[in-house]
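Student: below are the sequence and a predicted model; questions follow.
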Amino acid sequence: MYRIITIEREYGCGAGEIARELAERLRWHLWDHALTEAIARMAKVEHAAVERCEERADSTFRRLVNTFLRGSYESHMSAPGREPFNTDRFVAVGQQVMENAANAGNCVIVGRGAPYFLREWSEAFHVFLYASYPEKMRRLMLMGKSEKEAGHLLDHVDQERIEFVKCYFHADWPTRSLYHLMINTAMGKENVVSTILQTMRALERSAAGGVPPSHSSQPIPSR
């Protein structure tokens, strides 16, 4: 039986609302912004420090190079004995937080590499949400973004996710073989949520009848 749903998404496709609706329908815990907060608590850093690292490829070496180029190396040095918080640290702590959430079960986890961290968990049901560029642009502008700002975000956020997954999981983003479902959110929130729940339950019934609840997949290299 599935006890975890991971939601990976293209930026601007409305995944946050869909994940929230799923969690409410199932009465499960939603790990979206709460995941950022949990990582910050475990790492003992500010919430903003975690947000800066989320789904961005920024190794320790790259961070130091960028700091040197900015001419502010000394001001960014960590205190002796204190591990710096960068994307490498985000990945390490994030995996631990995510596995704790998965062990507790009954949760919906949004982004942050969840389908990659939890790719071997048989209790995890993986969903990828996407939409056309015009549809995502429309959604962002309804949220109050200017056309220029929305276009910039659409051009850059998912590119950062591509680099993050390539760097830390040595995989393409999205890795289609990971997902039980890939859905165009233009069909509407209600239809997306219903499709996810119906498909998940159908796979559970198949498993109960002796057919494993799996999807066609190829192994993803471990980091």
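Tutor: Sure thing, it's come through.

Student: what's in contact with the one helix or strand residue 19 maps to?
Tutor: Using DSSP states H and E, residue 19 falls within helix 15-26. Here helix 15-26 makes contact (Cβ atoms under 8 Å, 6 or more residues apart in numbering) with 5, 7, 9, 28-30, 32, 106-108, 110-111, 129, 185, 189, 192-193, 196-197. All C-beta atoms are positioned from the backbone trio N, CA, C, and that covers glycine.

Student: any idea how far residue 130 lies from residue 95?
Tutor: According to Cβ to Cβ, to the nearest Å, residue 130 stands 25 Å off from residue 95.

Student: sorry, back to before: CA atoms only for the helix holding residue 19 - export them in CSV, please.
Tutor: Output in CSV follows, covering the C-alpha atoms of helix 15-26 (Å, rounded to 0.1, in the frame of the first residue of the first chain):
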residue,chain,number,x,y,z
ALA,A,15,1.6,21.8,-8.2
GLY,A,16,1.5,23.4,-4.7
GLU,A,17,-2.3,23.7,-4.8
ILE,A,18,-2.7,20.2,-6.1
ALA,A,19,-0.4,18.8,-3.4
ARG,A,20,-2.3,20.6,-0.7
GLU,A,21,-5.6,19.3,-2.0
LEU,A,22,-4.2,15.7,-2.1
ALA,A,23,-3.0,16.0,1.5
GLU,A,24,-6.4,17.4,2.6
ARG,A,25,-8.3,14.6,0.8
LEU,A,26,-6.2,11.9,2.3
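
Student: what about it, average pLDDT?
Tutor: Mean per-residue pLDDT for helix 15-26: 97.

Student: how far off centre is the helix or strand following that helix?
Tutor: Remark: after helix 15-26, the chain's next helix or strand is strand 29-31, criterion DSSP H and E. Its chain's C-alpha centre and that of strand 29-31 lie 13 Å apart, by Cα atoms, centre = their mean, to the nearest Å.

Student: got the angle for the next helix or strand after strand 29-31 vs helix 15-26?
Tutor: Next along the chain after strand 29-31, taking DSSP H and E as the criterion, comes helix 33-43. Helix 33-43 and helix 15-26 are oriented at 90 degrees to each other (axes from the mean of the first three to the mean of the last three Cα atoms, to 10 degrees).

Student: which residues does the helix or strand following helix 33-43 contact?
Tutor: Sequence order places helix 47-53 as the next helix or strand after helix 33-43, per DSSP H and E. By Cβ under 8 Å, 6+ apart, the residues outside helix 47-53 that reach it are 36, 37, 39, 40, 43, 85, 86, 87, 89, 90.

Student: where's residue 156, which helix or strand?
Tutor: Element membership for residue 156, per DSSP H and E: helix 147-169.

Student: determine the set of other helices and strands touching that helix.
Tutor: helix 87-104, helix 114-117, helix 133-142 (3 or more Cβ pairs under 8 Å, 6 or more residues apart in numbering; DSSP states H and E).

Student: chain center to the shortest one: distance?
Tutor: The chain centroid and the centroid of helix 114-117 are separated by 7 Å, computed with Cα atoms, centre = their mean.

Student: picking that back up, give me the ChimeraX select line for the contacts of helix 15-26, limited to the buried ones.
Tutor: The ChimeraX command for the buried members of the contacts of helix 15-26 (criterion: 16 or more other Cβ atoms under 10 Å) is given here:
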select :5,7,9,28,30,32,107,108,110,111,129,185,192,193,196
